[in-house]
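In: Take this sequence and fold it.
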Amino acid sequence: MRAGRTERSEAMNGSNERFDVLIAGAGIAGLALAAALARALQPKFAVAVCDPALAKEPARDDRVSAIAPGARQLLETLEIWPQIEETAQPLRAMEITDSHLEDAVRPAFLHFDTEPEANAPLAHIVEHRALLIALRAAAAKTGIRFVASGAESFAARDEALGVRLADGSSCEARLLVAADGAKSKLRAMAGIRTVSWGYGQSGIVATVGHERDHEGRAEQHFLPAGTFAILPLVGQRSSIVWAERSGEAARLVALPPAEFKEELIRRFGLKLGEIELLSPPRAYPLSFAIARRFVSERFALLGDAAHVIHPLAGQGLNLGFRGVAALAECVADAVRLGLDPGSAGALERYERWRRFDTAMMAGATDGLNRLFSNRSDTLRVVRDVGLGVVERMPGLKRYFSREAAGLTGEVPRLMRGEAL
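Out: Coordinates of the predicted model:
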């Protein structure tokens, strides 16, 4: 079996198959939900994933994410973590600075370190493509039906939704989950509007090699144009996530490699020795979006279809995993009570559970970006005092660490390491 496709990636040839849950979108959130539901409810529960991307192997992707402890528990419970553990870099420390680009010294105002008694990393840095391949393989292993076509439209029928696919075939689903990304076509068809705006920023992503070991330390530099994050990878490599005004980002990624490297060194520094670019830099537009509702009749939003937040806190993927764990638990609990997986009660519980937490995290990241991405010296003094206060209060630092770990509030069972 090739990593990127399976024998079950096929069209439905015009048939009108019936599924308990159809997930539109074979990204990280969609595949994680499919694996969770299949492990909890099969063999008498039919789960399918539809996405034209299933016809080919995952594309190259230099983006990475910090997998928080709660998300790691979910991946361990679904037996996915062993497939990526060797390529997951433990994050053992993080330092945060606030400075101008031309500053000769960038003092760190805030440090987060592994707690000695816990001896557990703050997070793990995982490459997106490796995670996607592992999730696809895990979902296929459970016997989930893969359909290499996109969902084009849907309409209510008796006790189900009728779904039309791009290849002309159709099916029925008692629950349709839209995990089709930030520009979700299905969300628009469901009449669910979003609160959204662009930041006028783009995130430049690239992989960098360096002479010295990073020792599992990440750095987050708050610069007037945006954040510059250095995230450690396995080996003497790091990933950069560099936010700039969109016009400047476009100019930077179009530079010849030698000139781009000069700009990179100005921000990266040489504390890890000489550096080299291991991948071409790519720029991704940054935006904010949160759906006004997460559910409709027999319909639920998941992942980027429900929320898109600024990457400065590294919480976007972890927020998606919390949604996966909550929706899987709501559906599994309903089914075990003899209820419909698309019942109003199950979906309303999911929305209540995730809506407030998502809005709070989205608002926090948006506020941080606005607070730090500016050239105001007055605001700089205020925020540096604030960072200093947090640094001197261990209890407050511990609270922020637990919040980032996904271990506060009502934590879903999968994120506590418990099976559904």
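In: quick check: domain ranges of this structure?
Out: When the chain is parsed with automatic domain parsing, its domains come out as 16-60+129-195+288-374+393-416, 84-127+196-286.
In: Show me the one of the ones you listed that comes nearest L78.
Out: domain 16-60+129-195+288-374+393-416 (5.2 Å; CB to CB). In this view, the C-beta of every residue, glycine as well, is placed from N, C-alpha and C.
In: can you give me the offset of that closest one from its chain's centre?
Out: Relative to its parent chain, domain 16-60+129-195+288-374+393-416 has a centroid offset of 11 Å by CA atoms, centre = their mean, to the nearest Å.
In: can you map out the strands along the stretch 151-300 of the chain?
Out: Applying DSSP state E, counting those that start in this stretch to the stretch 151-300 of the chain gives strands spanning 151-157, 160-165, 170-178, 194-210, 217-223, 226-233, 237-245, 275-277, 282-291, 295-296, 299-301.
In: got the angle between the one helix or strand T358 maps to and strand 226-233?
Out: Assigned by DSSP states H and E, T358 belongs to helix 344-372. Between the axes of helix 344-372 and strand 226-233, defined by axes from the mean of the first three to the mean of the last three CA atoms, to 10 degrees, the angle is 110 degrees.
In: For helix 344-372, list every residue counted as buried.
Out: Within helix 344-372, the residues scored as buried using 16 or more other CB atoms under 10 Å are 346-347, 349-351, 353-355, 357-358, 361-362, 365-366, 368-369, 372.
In: now stretch 146-159
Out: Across stretch 146-159, burial judged by 16+ other CB under 10 Å covers 146-152, 154.
In: and which of the residues you listed is nearest to A53?
Out: Taking CB to CB as the measure, A53 sits nearest to A148 out of the buried residues of stretch 146-159, at 8.0 Å.
In: my read: that closest one touches D51, true?
Out: Yes - A148 is within contact range of D51, at 7.3 Å (criterion: CB atoms under 8 Å).
In: just for the protein, where's the confidence low?
Out: Along the chain, segments meeting pLDDT under 70 span 1-15, 99-109, 115-119, 313, 371-408.
In: ok, which stretches of the protein are helices?
Out: 28-41, 69-77, 81-84, 128-141, 185-189, 246-253, 257-268, 316-336, 344-372, 377-391, 394-405 (DSSP state H).
In: Tabulate these (a markdown table), appending distance to T97.
Out: Below are the helices of the chain laid out as a markdown table (distance: least, CB to CB, whole Å):
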| stretch | distance to T97 |
| --- | --- |
| helix 28-41 | 30 |
| helix 69-77 | 25 |
| helix 81-84 | 30 |
| helix 128-141 | 26 |
| helix 185-189 | 38 |
| helix 246-253 | 20 |
| helix 257-268 | 11 |
| helix 316-336 | 22 |
| helix 344-372 | 11 |
| helix 377-391 | 9 |
| helix 394-405 | 16 |
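In: So for P281, which of those sits nearest?
Out: Among these, helix 246-253 sits nearest to P281 (CB to CB), with 4.7 Å.
In: Against E76, how distant is the most centrally placed residue in the chain?
Out: For the chain, L317 is the residue whose C-alpha lies nearest the centre (CA atoms, centre = their mean; 1.7 Å). To E76, L317 is 16 Å away according to CB to CB, to the nearest Å.
In: next one: G143
Out: G143 is 21 Å from E76, where distance means CB to CB.
In: wait, doesn't the residue nearest to the centre of the chain sit right on G70?
Out: No - contact criterion CB under 8 Å: L317 and G70 do not qualify, at 11.6 Å.
In: and the domains of the chain, which is most packed in?
Out: Using mean count of other CB atoms under 10 Å, the stretch among these with the largest mean neighbour count is domain 16-60+129-195+288-374+393-416, at a mean of 20.
In: Now P412. Nearest residue, chain neighbours left out?
Out: A325 (3.5 Å; CB to CB, 6 or more residues apart in numbering).
In: May I have the phi/psi pair for the residue located most distally from the centre of the chain?
Out: Among the C-alpha atoms of the chain, the one most distant from their mean position (CA atoms, centre = their mean) is that of D158, at 34.8 Å. For D158, the backbone dihedrals (degrees, to the nearest 10) come out as phi -60, psi 120.
In: Out of the strands of the stretch 151-300 of the chain, the one nearest A139 is which?
Out: Per CB to CB, nearest to A139 of the strands of the stretch 151-300 of the chain: strand 170-178, 13.4 Å.
In: Run me through the strand neighbours of that closest one, direction for each.
Out: Note on strand 170-178: by DSSP bridges, its sheet partners are strand 16-24 (parallel), strand 160-165 (antiparallel), strand 299-301 (parallel).
In: Tell me which of those approaches A188 most closely.
Out: The closest of the strands paired with strand 170-178 to A188 is strand 299-301. By CB to CB, the value is 11.2 Å.
In: contact partners of the closest one?
Out: 154, 161, 175-178, 184, 186-187, 190, 192, 291, 293-295, 327, 342, 347, 350 (CB atoms under 8 Å, 6 or more residues apart in numbering).
In: hmm, back to that, nearest spatial neighbour of the residue nearest to the centre of the chain, skipping sequence neighbours?
Out: Once flanking residues are discounted, L317 sits nearest to S65: 4.1 Å by CB to CB, 6+ apart.
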